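Enquirer: heads up, no residue letters with this:
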């Protein structure tokens, strides 16, 4: 009989992992604190969407579930920037044919939970974990039940109950940090039964210290998200009346406001949420381990939260196969080796907020982008832009971060050079030298 | 009727704060999860000692309790270094007449709790806080009682229950970090009814990646502490038999071992403890606030854990008087202004471990110390060594850290100069320029 595995959290990462482990022959149960969304009345009016890209797609294929998900995806070919006058600028995400995919979190989650159930995984809703015995591998639930397993996997998100228990064990390092900005979701309804904005783009309204973005949904709505400071001027605190909100949107997001006539109502009826980064180490204790947001919650600005969680699953499974499913070897090794990549994407995600909200409209940034496009055209195999390394490759995040810093340094060195006199050979030589640690 | 204040934690900081607040006329209760040490059987064989210095003494005087504590202090005039051959080197802590004081934590705590009770504070033992309602200012205890107050102060240490509750409120930043080293306390018994080592020093056996220290107690024992890696070679993990321990101490701490014939027994019967740094922000929520270790637990290597906690008390009281005991103004202001100093002493404490265990025997370090002594002799008012700023002054820790970094930079610049040619005027001019931000 193969090992009994308990997964805590039936979110995206937990249910994907369950599918694969079940197919490998393990006994798998998922415990989820919430009620079954198929049975209870979930507010249908709220749709959060995510950007699925290469690192997320690969493990979905490994699980054999990608084909059933593909019809729900909306390709986004690049950023569509909106300036204050409503002028649009397009920046492709990568090469021709490279794109990321807007997908509804709720839809994707439901497809994955159903795939898990179809594979034979038992999904137990209304099971809130309240304690873990890390020596005996026993999980205790609020409903009084206790479950013993050979392996406990915590995929219960940024506010993980399993991690909370680990935090009070000796020598467990942990940090939680909130940025100064929060976010509020808003909705652009269909316009004459069609998308209100061009659908195949991630729309951005960069405004310096804040920004609005919009991602398309299958029902022809767009989910907009306003990333905005909690305090200061302007801020969530400073917009206190409907008139404030109307004039704020009129001033900064005129074209978006035209698509949201009820903006002030939405603004005050939708919640304001905070943005957390969590880090911890080690991710395991005895026969328990954390994956996904439970191990490393990041801010959403690189579109890599879900993708990095899915990549966790692939790497965990690949390592487990290599080590013949010997958990006592796998857990410390996975925890030690994957950590640096989680730290890297955490840093990249925080930094990308500054790029998205501020730099995308900046002349120096655009000059750098232009130089980079030229280098890439001449050396397409040697010079891959940071965004592409993160979004369209399997390169470890830590290596992408390292190379991205070298690229920035090299471009800084050559950016002052006159356009006509750029010696691209010199640039690529310099890059290759630094890449080798020179 | 003056405000009702609940202090959670009858440790050093909580009981000192209670004395002062009671004397200012407030209704003060302290709630402590442990039992009254005067009524229960506390292991008398274990004595932890601390180094009380200027920043700690000042608030004790403010509370009017220093005179009753003074008889229990043992002055330590400087570091007495023991090399592997047993040779001793003395480094004074400051100028002639400047010293720090070894004091027993248990004795000091008892004196402070008794001072609080004498002042009219009600100290309730066996009250373990299990919940806090930050909106209604109600503390709930494990014994079922609930207490409402005008102000809640959490002085419940590095693993604070109040902070644990704050951690799960929105936008509370928090980190806990353990260093790679742990510690174990050992005891040097009196030798022929006298101290086994010279009593008026803090003895250090610096050994690179680890060290042993010893502080004198009133009963003529010394409390030794071995700071040692958990893993590696040598480490707590690598010393697994009594023979291992004996040969380890024989090799590295021969003179100390002679004073501890039962070293191997002590080593295995005494616990190994870990060393945590915690940071959080903000320290307050509504009418609740953290002080001392609950707000900022630090490693013990600068001897400033208790001193910084007592200084918290002084600054909190001074600020409260200035703001006419208006808690709604005091709490955010204190939390915002004191934080940078807690961060600074946290950084200094981590860094001082490297200095104590490693650099104190290092030729470059000694050369720097010599240069610094010369500068100080010529410019005693303008150039105060970092250790003195931290230990013998009221300068904010953050300012001491800033000036210390400038001093290091200036000394690095001049350290290569030939001894005969040192231009001290140039050094002090450079220091003063950088100090002004030049």
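Expert: Right, received. Where do you want to start? It should be emphasised that the depicted structure is a prediction, and the values quoted were computed from it without experimental measurement. Residues are numbered from 1 along each chain as shown, chains lettered A, B, ... in the order given.
Enquirer: can you pull out the helices in chain A?
Expert: A:12-23, A:54-62, A:66-69, A:105-119, A:161-167, A:242-252, A:254-259, A:263-269, A:305-322, A:327-357, A:363-378, A:386-392, A:397-414, A:424-435 (DSSP state H).
Enquirer: Show me what the third one packs onto, helices and strands only.
Expert: Yep, that's helix A:66-69 we're talking about. When contacts are defined as 3 or more CB pairs under 8 Å, 6 or more residues apart in numbering or on different chains; DSSP states H and E, helix A:66-69 sits against helix A:54-62, helix A:105-119. C-beta coordinates here come from the backbone N, C-alpha and C atoms, glycine included.
Enquirer: Find the residue at the geometric middle of chain A.
Expert: Taking CA atoms, centre = their mean, the centroid of chain A lies closest to residue A:305, which sits 2.0 Å from it.
Enquirer: The closest residue to it other than its chain neighbours: how many residues sit nearby?
Expert: Using CB to CB, 6 or more residues apart in numbering or on different chains and skipping residues adjacent in sequence, the residue nearest residue A:305 is residue A:298, 5.6 Å away. By other CB atoms under 10 Å in any protein chain shown, 25 other residues sit near residue A:298.
Enquirer: I'd like to know the phi and psi angles of residue A:298, please.
Expert: Dihedral pair for residue A:298: phi -130, psi 170, per degrees, to the nearest 10.
Enquirer: Tell me which residue of the stretch 151-300 of chain A lies closest to chain B.
Expert: residue A:175 (3.6 Å; CB to the nearest CB).
Enquirer: State the distance from that residue to residue A:311.
Expert: 22 Å (CB to CB, to the nearest Å).
Enquirer: Likewise for residue A:77?
Expert: Taking CB to CB, one finds residue A:77 at 23 Å from residue A:311.
Enquirer: These two: which has the busier surroundings?
Expert: residue A:311 (25 against 19).
Enquirer: Surely the more buried one touches residue A:56?
Expert: Yes. If you go by CB atoms under 8 Å, residue A:311 and residue A:56 touch, sitting 7.2 Å apart.
Enquirer: Count residues in the vicinity of residue A:69, would you?
Expert: Quick note: residue A:69 (other CB under 10 Å) scores 21 neighbours.
Enquirer: Quick check: closest non-adjacent residue to it.
Expert: residue A:111 (5.7 Å).
Enquirer: can you pull the contacts of that neighbour?
Expert: A:65, A:68, A:69, A:72 (CB atoms under 8 Å, 6 or more residues apart in numbering or on different chains).
Enquirer: lowest-pLDDT helix or strand in chain A?
Expert: helix A:363-378 (a mean of 86; mean pLDDT, DSSP states H and E).
Enquirer: Residues contacting that helix, please?
Expert: A:91, A:355, A:359, A:383-385, A:407, A:411, A:414-415, A:422, A:424, A:427-428.
Enquirer: by how many degrees do that helix and helix A:327-357 diverge?
Expert: Counting by axes from the mean of the first three to the mean of the last three CA atoms, to 10 degrees, helix A:363-378 lies at 120 degrees to helix A:327-357.
Enquirer: Sort out which residues of helix A:363-378 are buried, please.
Expert: A:368, A:369, A:371, A:372, A:375, A:376 (16 or more other CB atoms under 10 Å in any protein chain shown).
Enquirer: Check the gap between the fifth one and chain B for me.
Expert: Here residue A:375 is placed at a distance of 38 Å from chain B (CB to the nearest CB, to the nearest Å).
Enquirer: That residue and residue A:151: what is the separation?
Expert: Relative to residue A:151, and taking CB to CB, residue A:375 is found at 47 Å.
Enquirer: Which residue, other than its chain neighbours, is closest to the residue in the stretch 301-438 of chain A that chain B sits nearest to?
Expert: Residue of the stretch 301-438 of chain A nearest chain B, by CB to the nearest CB: residue A:332 (12.1 Å). Distance criterion CB to CB, 6+ apart; nearest residue to residue A:332, sequence neighbours excluded, is residue A:284 at 6.4 Å.
Enquirer: Report the contact partners of that neighbour.
Expert: A:290, A:331, A:332, A:334, A:335.
Enquirer: Report pLDDT for the third one.
Expert: At residue A:332 the predicted local distance difference test score is 98.
Enquirer: Strand partners (parallel or antiparallel) of the strand ranked longest in chain A?
Expert: Taking DSSP state E as the criterion, chain A has its longest strand at strand A:173-188. Here strand A:173-188 has these sheet partners by DSSP bridges: strand A:222-229 (antiparallel), strand A:273-281 (antiparallel), strand B:173-188 (antiparallel).
Enquirer: tell me which residues of that strand are tucked away?
Expert: A:173-179, A:181-188.
Enquirer: and the residue of the stretch 1-150 of chain A nearest chain B?
Expert: For the stretch 1-150 of chain A, CB to the nearest CB, closest residue to chain B: residue A:130, 13.9 Å.
Enquirer: quick check: domain ranges of chain A?
Expert: A:4-40+A:105-176+A:275-351, A:362-435 (automatic domain parsing).
Enquirer: picking that back up, narrow the contacts of residue A:111 to those that are buried.
Expert: A:65, A:69, A:72.
Enquirer: Closest to residue B:40 out of those?
Expert: residue A:65 (59.8 Å; CB to CB).
Enquirer: how close does the closest one sit to residue A:7?
Expert: Residue A:65 is 16 Å from residue A:7, by CB to CB.
Enquirer: now do residue A:217
Expert: For residue A:217 relative to residue A:7 (CB to CB), the value is 28 Å.
Enquirer: Compare those two (neighbour count), which wins?
Expert: Taking other CB under 10 Å, residue A:217 and residue A:7 do not tie; residue A:7 has more neighbours (28 against 23).
Enquirer: who's in contact with the more buried one?
Expert: With CB under 8 Å, 6+ apart, residue A:7 has these contacts: A:14, A:17, A:18, A:21, A:28, A:29, A:30, A:31, A:153, A:155.
Enquirer: tell me the pLDDT at the spatially closest residue to residue A:107 that is not a sequence neighbour?
Expert: Nearest in space to residue A:107, with sequence neighbours left out and distances taken as CB to CB, 6+ apart, is residue A:72 at 5.4 Å. Note for residue A:72: predicted pLDDT of 97.
Enquirer: farthest-separated two in the buried residues of helix A:363-378?
Expert: A:368 and A:376 (12.2 Å).
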